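1. everything below, folded, please.
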Amino acid sequence: MSLLKRIVLARSSVQCMGRNNFSNKAEIWQSVHLQHRTLISVEGDESAQFLQGLITNDINSVAEKETPSIYCMFLNTGGRVLFDSIICPGFLPNQYIVEIDTELAKAAVKHLNMYRVRRKLKIEIIKNLNAFAVFNPNQDLDISKPMSQQTRSPEIGSTFCDGGSRTSLLPPVDQEDSICFPDPRVDELGYRYLSTSNSPPEKDLPLPISPANLEAYTEHRCRLGVPEGKYEITPAKALPLEHNMDYLHGVSFHKGCYIGQELTVRTHHTGVIRKRILPIHLIERPNNDKLEPDTPILNESDRPVGKLRMLADGSNYGLAMLRLKETFAADRLTLAGVPVTTWKPDWWPQDKSEKVEDGSS
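-> Got it, this is the predicted structure:
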């Protein structure tokens with residue numbers, strides 16, 4: 001029996017989460033079919049143990065139903081990122097669904113099979129299972145951070161180690177024929193919705209939703225400063241913490257060993273990440289000038305403080321890898337001669353105050 005048929009048979013026994021409790025149904029949400037993301041099934045009695053040894057986060061929080069999904073990265077043996085991923089339980093027992101950049105899906109399957117060894121696992125791309133982002137760009141959430149959500153030192157860019165799971169502020173959504181959960185990275189990204197049917201979220205979810213294009217979702221991500229996929233997280237080159245994995249609850253510093261752990265842990269224990277991905281906004285796009293990745297961003301002295309990673313299509317918002325101290329000390333930033341601004345996203349943990357833990361001033 002094919003994987004899809006087995007999923008369809010199991011769908012009737014699956015529920016997403018709790019009762020929905022949306023206080024303001026007048027707000028319009030947007031749904032985007034994430035055609036650039038592919039879903040891979042990892043199924044078998046040892047599936048959780050298998051994934052635990054390959055990912056930066058702790059799969060046990062999902063296996064034990066403490067959280068509906070996790071964000072993580074798969075690393076190579078040198079500690080560089082191979083792919084970013086969102087993982088959730090599947091429709092079947094002992095099944096996990098691994099969301100991967102579509103252009104890296106075949107490489108991901110090969111990577112997983114290479115470490116499968118003698119485990120009795122089924123690893124395959126799930127055809128006809130669609131991934132959607134359902135988000136509200138105007139969602140008003142209380143994102144005030146408790147005192148415990150602080151970096152390890154007062155220096156900007158310091159690491160954050162509260163673990164790889166978090167409690168979402170978004171109301172749960174009941175759904176029997178699909179999987180729906182808050183995006184495990186930040187609540188402002190809304191929900192991930194997975195369905196085997198041809199019906200989009202605007203038809204199936206109990207929300208006021210209108211369809212949108214991928215550009216709207218990409219711009220929304222850029223405004224938030226959240227990277228995603230091979231063109232923003234360069235395979236075999238990117239470092240997890242420079243891409244805010246600790247701030248996005250995508251790495252556990254308390255789990256057991258996994259491939260590529262050593263460099264990540266060593267970097268974490270230094271306490272400071274000197275450059276990170278940040279959102280940027282251009283006042284205007286340069287005339288007749290296509291901005292390529294790695295275009296330098298300059299300060300008022302024309303010295304580079306970082307590089308462009310990407311600009312959202314049809315938008316002046318993008319992402320850049322920037323050296324934090326130099327960037328926020330600059331009086332002016334330019335990209336290809338055009339003024340550019342950047343900021344620390346609201347979801348970043350607070351810089352640690354010397355007064356917090358030891359009472360000193």
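
2. so E284 is in which element?
-> Following DSSP states H and E, one finds E284 outside all helices and strands.

3. any idea how far the nearest residue to it once chain neighbours are set aside lies from Y317?
-> Nearest residue to E284 in three dimensions, chain neighbours excluded: V338, at 5.9 Å (CB to CB, 6 or more residues apart in numbering). Backbone N, C-alpha and C define where each C-beta goes, glycine included. Distance, V338 to Y317, by CB to CB, to the nearest Å: 13 Å.

4. so for the two, which sits in the more crowded spot?
-> Y317 (19 against 16; other CB atoms under 10 Å).

5. what about A329, how many neighbours?
-> Count around A329 with other CB under 10 Å applied: 11.

6. could you report the pLDDT at it?
-> The per-residue pLDDT reported for A329 equals 97.

7. for it, grab phi and psi.
-> The phi/psi pair for A329 (degrees, to the nearest 10) reads phi -90, psi -10.

8. which element is the closest residue to Y231 other than its chain neighbours on?
-> Closest residue in space to Y231, ignoring its immediate chain neighbours: M310 at 6.0 Å, by CB to CB, 6+ apart. Secondary structure from DSSP H and E places M310 in strand 304-311.

9. helix or strand: which one has H220?
-> helix 214-224.

10. now that helix: buried residues?
-> Neighbour counts over helix 214-224 (16 or more other CB atoms under 10 Å) mark 216-224 as buried.

11. got the contact list for the residue nearest the centre of the chain?
-> Centrality entry for the chain: nearest residue to the mean C-alpha point is R185, 4.9 Å, by CA atoms, centre = their mean. By CB atoms under 8 Å, 6 or more residues apart in numbering, the contact set of R185 is 71, 226, 248-250.

12. show me what the residue nearest to E284 is bridged to.
-> L335 (DSSP bridges).

13. returning to that earlier point: quick one: which of the contacts of R185 is the most crowded by neighbours?
-> L248 (27 neighbours).

14. still on that earlier bit, what's next to the strand holding M310, contact-wise?
-> So strand 304-311 is contacted by 222, 227, 231-232, 275, 277, 280, 282, 285, 291-299, 317-323, 326-327, 330, 333, 335 (CB under 8 Å, 6+ apart).

15. cross these against strands and list the overlap.
-> Mapping the contacts of strand 304-311 onto strands (DSSP state E) picks out 275, 277, 280, 282, 296-298, 317-323, 335.

16. make a PyMOL selection of whichever of these turn out to be buried.
-> To isolate the buried members of those in PyMOL, using 16+ other CB under 10 Å:
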select buried, resi 275+277+280+282+297+298+317+318+319+320+321+322+323+335
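
17. which among the ones in strands among the contacts of strand 304-311 gets closest to P206?
-> Y317 (30.5 Å; CB to CB).

18. which residues does the closest residue to that closest one other than its chain neighbours contact?
-> Leaving out its chain neighbours, the residue that sits closest to Y317 by CB to CB, 6+ apart is C222, at 4.1 Å. Applying CB under 8 Å, 6+ apart to C222 gives the contacts 279-280, 310-312, 315, 317-319.

19. now those residues in TSV, with distance to I209 and pLDDT?
-> Formatted as TSV, the contacts of C222 follow (distance: CB to CB, whole Å; pLDDT from 0 to 100):
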residue	distance to I209	pLDDT
P279	25	98
I280	29	98
M310	27	95
L311	27	94
A312	21	93
S315	22	91
Y317	23	96
G318	26	96
L319	26	98
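
20. just the pLDDT at the residue nearest to D183 when sequence neighbours are not counted, thanks.
-> Spatial nearest neighbour of D183, excluding adjacent residues (CB to CB, 6+ apart): L189 at 3.8 Å. As predicted, L189 sits at a pLDDT of 96.

21. check which element follows the lowest-mean-pLDDT helix or strand in the chain along the chain.
-> Ranking every helix and strand in the chain by mean pLDDT, DSSP states H and E puts helix 3-10 at the bottom, with a mean of 42. As assigned by DSSP H and E, the chain's next helix or strand after helix 3-10 is strand 29-33.

22. that next one - contacts with which helices or strands?
-> strand 130-135, strand 209-211, helix 214-224 (3 or more CB pairs under 8 Å, 6 or more residues apart in numbering; DSSP states H and E).

23. would you mind writing the CA trace of the next helix or strand after that strand as CSV?
-> For strand 29-33, the following helix or strand on the C-terminal side (DSSP H and E) is strand 37-43. C-alpha atoms of strand 37-43 as CSV (Å, rounded to 0.1, in the frame of the first residue of the first chain):
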residue,chain,number,x,y,z
ARG,A,37,9.0,23.4,0.5
THR,A,38,8.8,19.6,0.3
LEU,A,39,7.6,17.2,2.9
ILE,A,40,9.5,14.0,3.7
SER,A,41,8.2,11.1,5.7
VAL,A,42,10.4,9.3,8.2
GLU,A,43,8.4,6.3,9.6
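
24. what are the buried residues along strand 37-43?
-> 37-43.

25. just give me the closest of the contacts of C222 to Y258.
-> For those, the nearest to Y258 is L319 (26.2 Å; CB to CB).

26. re earlier: how many neighbours does the residue nearest to Y231 have?
-> 19.

27. roughly how far apart are it and R116?
-> In terms of CB to CB, M310 sits 33 Å off from R116.

28. check K344 too.
-> From K344 to R116 the distance is 41 Å (CB to CB).

29. now the helix or strand harbouring I179: average pLDDT?
-> Assigned by DSSP H and E, I179 belongs to strand 178-182. Averaged over strand 178-182, pLDDT sits at 93.
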